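Visitor: A predicted structure for the sequence below; I have some questions about it.
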Amino acid sequence: LFAEARDAHGEPDAELAAAVRLRHPRLVAAQLAPHPPVAAGVAAALAGATAMLDVSDGLARDALRVAEASGVGIDFDSTALGPDPRIALAGAEDHGMLATFPADAAVPEPFDVIGRVTAERGVLTLDGESFDASGWDPYSGWDGVSG
């Protein structure tokens, strides 16, 4: 929406926004009216989750927050992240839930195992290799004064 629904001067344009909605109705609906999986958080807590965070700024960015706060690393499994793991890691506005569980815990629905916790404090890897842990930063370019 930010990239395609603005005019040449950077101002929001209703006609361009309508065209984006026609091309991507599911994506725009998810952006404008997200359905965060609140019940998943309850299920994770009951299953013994050791850390948990909503994923809205991107899987990698939010996983890095969990890793740094918990003093661990996270190694993602590329085969568990879909056809393009880099997009899965860097995308944002997903409104999903990320949780870590003890190695012997039964991972509850709707969670999928997408990696493992490592001892490398604050380090994210993909199949054991470093990668750019960028994601969407809602405060990038914000000066703290403007609305």
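Guide: Cool, got the structure.

Visitor: For the helix or strand of the chain with the lowest mean pLDDT, what is the distance to the chain centroid?
Guide: Within the chain, no helix or strand scores below helix 25-32, which has a mean of 82 by mean pLDDT, DSSP states H and E. Here helix 25-32 is found 16 Å from its chain centre; the criterion is C-alpha atoms, centre = their mean, to the nearest Å.

Visitor: Would you list the phi and psi of residue 55?
Guide: phi -110, psi 100 (degrees, to the nearest 10).

Visitor: I'd guess residue 61 is in a helix, am I close?
Guide: Yes - assessed by DSSP: H, G, I helix; E, B strand; the rest coil, residue 61 belongs to a helix.

Visitor: My guess is it contacts residue 132. True?
Guide: No - judged on C-beta atoms under 8 Å, residue 61 makes no contact with residue 132 at a distance of 10.4 Å. C-beta coordinates here come from the backbone N, C-alpha and C atoms, glycine included.
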